[in-house]
Each structure stands twice: as structure tokens, then as C-alpha cells.
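[1] After the sequence you'll find the predicted model.
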Amino acid sequence: MAITTVIAIYFIIWWVVLFAVLPWGVTSQHESGDVTPGTDPGAPSVHRIWIKLLITTLIASAVFGALAVAYEFDLLPFDYLEVISRPPRSY
């Protein structure tokens, strides 16, 4: 597999995982009772973005690693992927 394909697949997995991880542990300013004037009450009171980026990277690396091993040892053959990605037949 080309290195650009590997990078693209990892990038897509990383973004999907990021959107799954972003809401974890979020407390809005309204819920915490500390609304900063001029901001939306639904905005997060504490972002913790660096921790979420680290968690995203760890999870995405594990998912990508599992898929890479499955691909490398032919546990997920290309022919099978080709068959399941075809559009459904219309009868």
C-alpha cells in the first residue's frame, strides 16, 4: 500500500475518532454555574482539548493498527472488501 494511502486512511480514522471523543466529559458553563459574560451558556467551561487530542491519537492508532494487521495478514481480503462495497442489486 502506498504511503499516501496509509496517511489518508489514518487521517480519516483520526477525524472520526476525534468527533466521537470531543463530547466526553464536557460540562457547559450553564451546568457549572460559571457563565462568562458575552459567551454562550452552552459553551464548555473547561475544554481539555490536549487530553482529548491525546486520547484520539491513542484510539485512532489502535484502530489503524488492528486494520493494518488484518490487511497485512489477509484477514480482510481485498476481494471481500470489493464484494461488500458494490451497490446492491435491483431485482
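    Cool, the structure landed. Here the structure is a predicted model, which means the values were calculated and not measured.
[2] Now do the same contact list for the residue most central in space within the chain.
    In the chain, the residue lying closest to the centroid (CA atoms, centre = their mean) is Val17, at 1.4 Å. By CB atoms under 8 Å, 6 or more residues apart in numbering, the contact set of Val17 is Thr56, Ile59, Ala60, Val63. Any C-beta I mention is one placed from the backbone N, CA and C, and that applies to glycine too.
[3] With adjacent residues omitted, what lies nearest to it?
    Ala60 (4.5 Å; CB to CB, 6 or more residues apart in numbering).
[4] If you count residues, where's the longest helix of this protein?
    helix 49-72 (DSSP state H).
[5] who's in contact with the helix or strand just after that helix?
    Toward the C-terminus, helix 49-72 is succeeded by helix 78-84 as the next helix or strand (DSSP states H and E). For helix 78-84, there are no surrounding residues in contact (CB under 8 Å, 6+ apart).
[6] do stretch 28-47 as well
    Val26, Thr27.
[7] Number the chain from 133, please
    I'll keep to 133 as the first residue from here, and by that count the last item is stretch 160-179.
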